[in-house]
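after the sequence you'll find the predicted model.
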Amino acid sequence: MCTVDARITLNSKVVSFDPVNGLITASGDVVVTQETDDHRIRELHTDRIEYNKNTGDIRLIGNAIVKDYAGDLFSANNIRLDENFKNAIAEALVFVTKDAIKVKAGKARKEGEVFTFNDASYSPCRETNCKLPLWDLAAETVVYDRKEKKFIYKNVKLRIKGVPVLFTPYLSHPSFDVERKTGFLPPVIRHCSRSGTFIGVPYYVAIGNDRDLKLLPFLNSKRRGMVTSEYRQKFAKGDFDVSASILSRSKSKTAEDIDKRARWHVDSSFRSYNWDRKTLAVRLNCSRDVTYKTTYPADFKRHNSPWLNSTYNDSNVVFETYDCNYFLTTESHVFQTEDKLTAPTVLPHINFDCARGDFMFNSDMMFLTRRSSPSQTLSKRFGRISNKVGWNKSMSLSMFLVEVNSGIRADFFNVGKTTDTTQDPPQEISKSSHKLFPIFENQVSVSMPLVSRIKAIDNTVIWGPKVTITSIETSNNRVNFKPNEDSVFSNFSDLNFYALNRFGGYDNIDAGERVSIGFEGSSYNSKRRWVNACIGKSAGLGGKKSTMLNERNAMVGRVVLKPIENIAMRIRFVGLRPFEKSQLFEAGVSAGFKNVFGGVGYFHNSKVSYVQGNGLSQLNINGGVKINEFWSVTASQVINLKHGNGKHMLAHGVSATYDDECCNFSVGIYRMNFKKNDVKPRAGFALSIVFKTLGNMIKTHSVRSFDTDIGNVE
């Protein structure tokens with residue numbers, strides 16, 4: 001070993017020095033290391049090296065490998081460079097980046113941080129047994145600017161297994177380690193037999209480290225222009241994003257009325273967090289009509305599968321603040337449905353909870369309005385102000401835990417005129433009314449919680465039965481107020497089964513005396529195997545007020561089970577056949593064994609909310625097999641068990657996917673039989689090709705043509 005200067009160290013078997021020419025020659029397993037000014041290390045490995053002290057030139061001869069400070073590797077038979085390694089010339093060079101991107105060149109030149117390759121090829125694909133890479137770019141000249149992090153090609157061909165398939169005189173793309181960079185993205189192609197083919201070239205703008213913008217103008221085969229955009233920004237204590245699109249009106253004389261005008265959408269959201277015990281969420285979500293985003297490729301980020309039957313938009317503002325003694329929630333909602341006159345607006349809905357020791361105070365205020373009354377049960381205007389003063393106490397008696405709740409509540413209602421719009425002309429059913437109802441609430445709960453540790457099977461078990469007696473006394477007129485169907489929570493949940501008011505939403509209340517008996521238990525271990533079960537039954541104790549709500553006394557239950565690593569199951573129900581009418585039932589199982597995976601999910605809801613439409617009953621099946629390291633095949637099926645909105649086979653498809661370190665390829669066919677308004681049944685072909693480190697080309701109506709997550713539970 002010898003030190004050539006203070007920053008270069010040479011190791012070799014043989015070293016000779018020619019003092020006349022100032023030439024140092026080393027041979028035999030030569031290793032040269034150089035420390036840069038910022039203490040980074042470069043390494044040279046070669047059979048023979050010649051260093052001229054007079055000129056500062058270094059020449060590597062035979063099996064030369066240079067490992068740069070950035071982790072990149074240069075391999076060639078002969079390399080000539082200066083002593084600072086800033087400039088170099090090589091022949092028959094192979095350049096491998098730290099991310100395994102490979103560039104081959106007949107000749108190469110390095111000047112500072114700019115590399116120029118002649119007769120070069122670029123590919124991220126690995127080569128096995130001297131076979132050609134899956135794809136590469138072959139160019140007359142390739143310039144790589146490491147400082148600007150950009151590749152520039154002249155006269156370049158895209159080759160698949162060595163066969164040219166595409167030529168362009170110029171191509172540029174960011175380097176492999178760039179996360180965000182302003183410029184054009186690869187083309188996007190969307191095709192549907194009904195809406196035609198959409199072709200667009202996205203333009204991405206990296207405005208700053210905390211914000212960006214993407215614009216995507218489309219050309220359409222049916223002579224319709226379309227532009228979509230997305231803006232994102234992150235703050236110190238929140239984030240904001242907005243997506244928007246506009247579609248020009250149809251020029252076809254046979255177009256439906258809904259397509260004869262321009263269609264658009266705006267969907268934005270702002271979220272705050274880590275904000276001194278306060279949170280704020282704002283969302284503006286509106287469109288020309290509620291089916292626009294389902295029919296056209298308007299909003300890829302929030303695109304929902306049409307068979308979910310979610311045909312409404314909800315713009316809302318939710319503000320929450322809390323302290324150790326109180327919790328305040330303020331929210332407002334503006335719904336957009338198919339009928340603008342009956343779309344509800346909730347402004348505001350305020351709930352305030354305050355607890356001081358064993359005493360608590362609750363105040364709830366809500367106002368809901370429409371342009372017109374949609375039915376006999378729903379008025380044009382509805383308001384409620386509710387205040388409650390209560391007392392609660394928890395006591396331990398031997399192995400039992402006793403909880404006592406008692407309170408008085410007053411509900412004041414302001415109900416607008418109700419009109420039956422089904423008659424011609426519409427007839428007024430009831431006039432405006434103002435009602436004040438006092439409500440007395442009492443509840444006693446007795447439970448026996450038990451926690452045990454079973455070391456033999458590494459299990460922790462938490463279980464216990466619970467009995468709750470509840471009494472809610474109010475007038476018969478108050479009970480006759482029908483629950484507001486705009487409530488998202490039209491059915492009571494197993495999560496609030498023991499609550500005084502089990503029914504969520506804008507106007508739901510329990511009444512009469514009832515007893516609730518339930519059981520909840522959990523078991524889990526260190527290997528992430530668990531089971532959680534909850535089942536309960538509520539029954540009225542007599543009287544007119546309780547019999548009016550018998551339908552709500554249904555049995556509820558929930559079971560979540562993961563017995564082994566690759567199997568997960570879930571069951572949840574409200575109302576259990578054959579004992580009573582089923583109101584809600586959902587079940588799902590997902591499993592995987594070696595290279596086979598799949599899932600089955602069933603969902604039934606007899607009635608969702610007014611804004612969401614009618615109930616659902618669907619069976620979702622998906623499965624697949626991983627054929628080898630790269631190839632997998634998946635298939636899915638959505639079966640409609642409820643008449644309406646499509647055929648029995650609501651949607652199905654099959655796809656094959658190839659994925660490796662340099663390419664992702666997916667091809668599939670699908671059929672959707674869903675129909676509602678201008679959403680019509682259609683069949684299609686989906687193709688997705690992603691050249692990694694370059695971008696992607698996608699040809700499909702929807703990025704997620706078929707949902708492979710259905711049935712997955714955990």
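Cool, got the structure. Numbering: from 1, shown residues only.

helix/strand/coil for the closest residue to E127 other than its chain neighbours?
Using C-beta to C-beta, 6 or more residues apart in numbering and skipping the chain neighbours, the partner closest in space to E127 is P133 (5.6 Å). All C-beta spots, glycine's among them, are computed from the backbone N, C-alpha and C. Judged by DSSP: H, G, I helix; E, B strand; the rest coil, the three-state class of P133 is coil.

do K157 as well
strand.

which pLDDT value goes with it?
Looking at K157, its pLDDT stands at 91.

quick check: bridge partners of the nearest residue to it once chain neighbours are set aside?
The shortest distance from K157 to any non-neighbouring residue, by C-beta to C-beta, 6+ apart, is to P164 (4.4 Å). Per DSSP bridges, the residues bridged to P164 are R159.

quick one: P164 and V156 touch, right?
No - judged on C-beta atoms under 8 Å, P164 makes no contact with V156 at a distance of 10.1 Å.

pull up the overlap in contacts between the two.
Common contacts of P164 and V156, defined by C-beta atoms under 8 Å, 6 or more residues apart in numbering, comprise A138.

so those two - more neighbours on which side?
V156 (24 against 10; other C-beta atoms under 10 Å).

contacting residues around the closest residue to the more buried one other than its chain neighbours?
Once flanking residues are discounted, V156 sits nearest to A139: 4.0 Å by C-beta to C-beta, 6+ apart. By C-beta under 8 Å, 6+ apart, A139 lies in contact with 120-122, 153-157, 171.

next: R514.
Contacts of R514 by C-beta under 8 Å, 6+ apart are 469-470, 538-541, 546, 553.

now do E586
570-573, 601-604.

tell me the secondary structure for it?
In three-state terms, and counting by three-state DSSP, E586 is strand.

now it: how far from A138?
E586 sits at a distance of 54 Å from A138 (criterion: C-beta to C-beta, to the nearest Å).

can you check H173 too?
15 Å.

just the element for the nearest residue to A651 once chain neighbours are set aside, please.
Nearest residue to A651 in three dimensions, chain neighbours excluded: V638, at 4.2 Å (C-beta to C-beta, 6+ apart). For V638, the host element (DSSP states H and E) is strand 631-640.

in its sheet, what does that strand sit against?
strand 614-626 (antiparallel), strand 649-659 (antiparallel).

save those as CSV, and put in mean neighbour count too.
Output for those, formatted as CSV (neighbours: other C-beta atoms under 10 Å):
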stretch, mean neighbour count
strand 614-626, 18
strand 649-659, 18
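
which of the ones you listed sits closest to R109?
Between R109 and the strands paired with strand 631-640, the tightest spacing by C-beta to C-beta is seen for strand 649-659, at 36.0 Å.

gap between the closest one and the chain center?
20 Å (C-alpha atoms, centre = their mean, to the nearest Å).

what of stretch 228-244?
How far stretch 228-244 lies from its chain's middle: 15 Å, per C-alpha atoms, centre = their mean.

now the contacts of A139 in TSV, with distance to G225?
Below are these laid out as TSV (distance: C-beta to C-beta, whole Å):
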residue	distance to G225
A120	40
S121	39
Y122	36
Y153	31
K154	34
N155	34
V156	31
K157	33
L171	27
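
where does the stretch 351-500 of the chain have low pLDDT?
Counting by pLDDT under 70, the ranges of the stretch 351-500 of the chain that qualify are 374-378, 417-432, 453-458, 476-496.

please enumerate the strands of it.
Ranges of strands in the stretch 351-500 of the chain, per DSSP state E, counting those that start in this stretch, are 359-369, 381-397, 400-415, 418-420, 427-430, 433-447, 450-454, 459-473.

of all the ones you listed, which one comes closest to L44?
If we rank the strands of the stretch 351-500 of the chain by C-beta to C-beta, the stretch that ends up nearest is strand 459-473, at 59.2 Å.

how far away from the center of its chain is the closest one?
Relative to its chain's centre, strand 459-473 lies at 36 Å (C-alpha atoms, centre = their mean).

adjacent strands (with direction) for that strand?
Assessed with DSSP bridges, strand 459-473 is paired to strand 433-447 (antiparallel), strand 450-454 (antiparallel), strand 512-525 (antiparallel).

quick one, which of those strands is packed in tightest?
strand 512-525 (a mean of 17; mean count of other C-beta atoms under 10 Å).

CA atoms only for it, dumped as PDB, please.
Written as PDB, here are the backbone C-alpha positions of strand 512-525 (Å, rounded to 0.1, in the frame of the first residue of the first chain):
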ATOM      1  CA  GLY A 512     -91.000   3.200  26.900                       C
ATOM      2  CA  GLU A 513     -89.400   0.600  29.200                       C
ATOM      3  CA  ARG A 514     -87.100  -2.000  27.900                       C
ATOM      4  CA  VAL A 515     -84.500  -4.500  29.000                       C
ATOM      5  CA  SER A 516     -81.300  -5.200  27.100                       C
ATOM      6  CA  ILE A 517     -79.300  -8.400  27.700                       C
ATOM      7  CA  GLY A 518     -76.000  -8.900  26.000                       C
ATOM      8  CA  PHE A 519     -72.600 -10.500  26.000                       C
ATOM      9  CA  GLU A 520     -69.300  -9.200  24.800                       C
ATOM     10  CA  GLY A 521     -66.000 -11.100  24.800                       C
ATOM     11  CA  SER A 522     -62.500 -10.900  23.200                       C
ATOM     12  CA  SER A 523     -59.600 -13.300  23.000                       C
ATOM     13  CA  TYR A 524     -56.200 -12.500  21.500                       C
ATOM     14  CA  ASN A 525     -52.600 -13.600  21.700                       C
END
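
tell me the helix or strand right after that strand.
Going down the chain from strand 512-525, the next helix or strand is strand 530-540, by DSSP H and E.

show me what that following strand is packed against.
Using 3 or more C-beta pairs under 8 Å, 6 or more residues apart in numbering; DSSP states H and E, the elements in contact with strand 530-540 are strand 512-525, strand 556-564.

report the angle between it and strand 459-473.
20 degrees (axes from the mean of the first three to the mean of the last three C-alpha atoms, to 10 degrees).

run the chain-centre distance for strand 530-540.
31 Å.

so which bits of that strand are buried?
530-538, 540 (16 or more other C-beta atoms under 10 Å).

could you redo these as CSV and give each row distance to S445 and pLDDT?
Converted to CSV, the buried residues of strand 530-540 look like this (distance: C-beta to C-beta, whole Å; pLDDT from 0 to 100):
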residue, distance to S445, pLDDT
W530, 26, 78
V531, 24, 84
N532, 20, 85
A533, 19, 88
C534, 15, 88
I535, 16, 90
G536, 12, 89
K537, 15, 87
S538, 13, 84
G540, 18, 79
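
reformat these as TSV; add distance to G668.
Putting these into TSV (distance: C-beta to C-beta, whole Å) gives the following:
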residue	distance to G668
W530	35
V531	36
N532	36
A533	39
C534	39
I535	41
G536	44
K537	46
S538	47
G540	53
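
from those residues, which single one is nearest K388?
Distances from K388 to the buried residues of strand 530-540, taken by C-beta to C-beta, are shortest for S538, at 21.0 Å.

how far away is the closest residue in space to F519 that isn't next to it in sequence from K131?
Distance criterion C-beta to C-beta, 6+ apart; nearest residue to F519, sequence neighbours excluded, is P465 at 4.9 Å. According to C-beta to C-beta, P465 stands 67 Å off from K131.

perfect, I'm done here.
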